[in-house]
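Q: Mind folding the following:
(chains A and B)
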Amino acid sequence: RKEVEQDPGPFNVPEGATVAFNCTYSNSASQSFFWYRQDCRKEPKLLMSVYSSGNEDGRFTAQLNRASQYISLLIRDSKLSDSATYLCVVNGAAGNKLTFGGGTRVLVKP
Amino acid sequence: DAGVIQSPRHEVTEMGQEVTLRCKPISGHNSLFWYRQTMMRGLELLIYFNNNVPIDDSGMPEDRFSAKMPNASFSTLKIQPSEPRDSAVYFCASSLRDGKAFFGQGTRLTVV
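A: Next up, the predicted model:
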């Protein structure tokens, strides 16, 4: 089993719609969690951290469920510019080891 | 700040040749990561350093791969000898201990 797993998609989303997807992790001792965004042929960039209480950043909402060992990302009012691959990242129990999921591809269409 | 700087951006080499990838992390960051990305395997962590010390190199594919961090501002990833299956995009990233990593633009390696 992979340490961090994601549905690869693609999620085809009409412009203006809401899309949500999850990421599961295997190490229950993982300490911190993040969502990154990667555009085609570009480097990954930090989108947002994920906190236990859940957090929002504009149209983006991230949540953490430690009991079931998954994190989620919800995008409201999708824009064409939201089309990208979203990478889930888990920081290990010690030493700042950042493990990436395989990414979920989102395609927002007019 | 200039961000994480990687060189070269592109490298084409023949099988059997030595390849050296270079990375300059963001000043003040104390963790440095080397990742490899392919369509088939996604983004794989090869090795990471804390305070210039290698912490986990379990992702390094085999002995042909080696990485060094002689000081806080420079790291190299070397492949010797290179093979076609090493073709990938290699990313370097740096962070503070908070896990928020900043990536370089990557080195696109093609081994023919």
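
Q: Make sure A:Phe33 is actually in contact with A:Leu98.
A: No. Contact criterion C-beta atoms under 8 Å: A:Phe33 and A:Leu98 do not qualify, at 10.3 Å. In short, each C-beta sits where N, CA and C put it, glycine included.

Q: Name the residues contacting each of those two.
A: In terms of C-beta atoms under 8 Å, 6 or more residues apart in numbering or on different chains, A:Phe33 and A:Leu98 are both contacted by the residues A:89-91.

Q: With respect to chain B, which of these is nearest?
A: Lowest distance from chain B to those (C-beta to the nearest C-beta) belongs to A:Asn91, with 4.0 Å.

Q: who's in contact with the closest one?
A: With C-beta under 8 Å, 6+ apart, A:Asn91 has these contacts: A:30-34, A:97-98, B:99.

Q: One more: A:Gln69?
A: A:Gln69 neighbours (C-beta under 8 Å, 6+ apart): A:24-26, A:28.

Q: I'd like the contacts of A:Asn91 written out as JSON lines, with secondary structure and distance to A:Tyr51 added.
A: Below are the contacts of A:Asn91 laid out as JSON lines (DSSP: H, G, I helix; E, B strand; the rest coil; distance: C-beta to C-beta, whole Å):
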{"residue": "A:Ser30", "secondary structure": "coil", "distance to A:Tyr51": "14"}
{"residue": "A:Gln31", "secondary structure": "coil", "distance to A:Tyr51": "12"}
{"residue": "A:Ser32", "secondary structure": "strand", "distance to A:Tyr51": "9"}
{"residue": "A:Phe33", "secondary structure": "strand", "distance to A:Tyr51": "8"}
{"residue": "A:Phe34", "secondary structure": "strand", "distance to A:Tyr51": "11"}
{"residue": "A:Lys97", "secondary structure": "coil", "distance to A:Tyr51": "20"}
{"residue": "A:Leu98", "secondary structure": "strand", "distance to A:Tyr51": "17"}
{"residue": "B:Gly99", "secondary structure": "coil", "distance to A:Tyr51": "12"}
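
Q: Quick one, which of those are buried?
A: For those, a burial check counting by 16 or more other C-beta atoms under 10 Å in any protein chain shown picks out A:30, A:32-34, A:97-98, B:99.

Q: Lowest pLDDT pick from those?
A: Among those, B:Gly99 has the lowest pLDDT, at 81.

Q: I figured that one hits A:Ser30, correct?
A: No. Between B:Gly99 and A:Ser30 there is no contact under C-beta under 8 Å: 10.2 Å.

Q: burial count for the closest residue to A:Cys88 other than its chain neighbours?
A: Spatial nearest neighbour of A:Cys88, excluding adjacent residues (C-beta to C-beta, 6 or more residues apart in numbering or on different chains): A:Cys23 at 3.2 Å. By other C-beta atoms under 10 Å in any protein chain shown, the residues close to A:Cys23 number 26.
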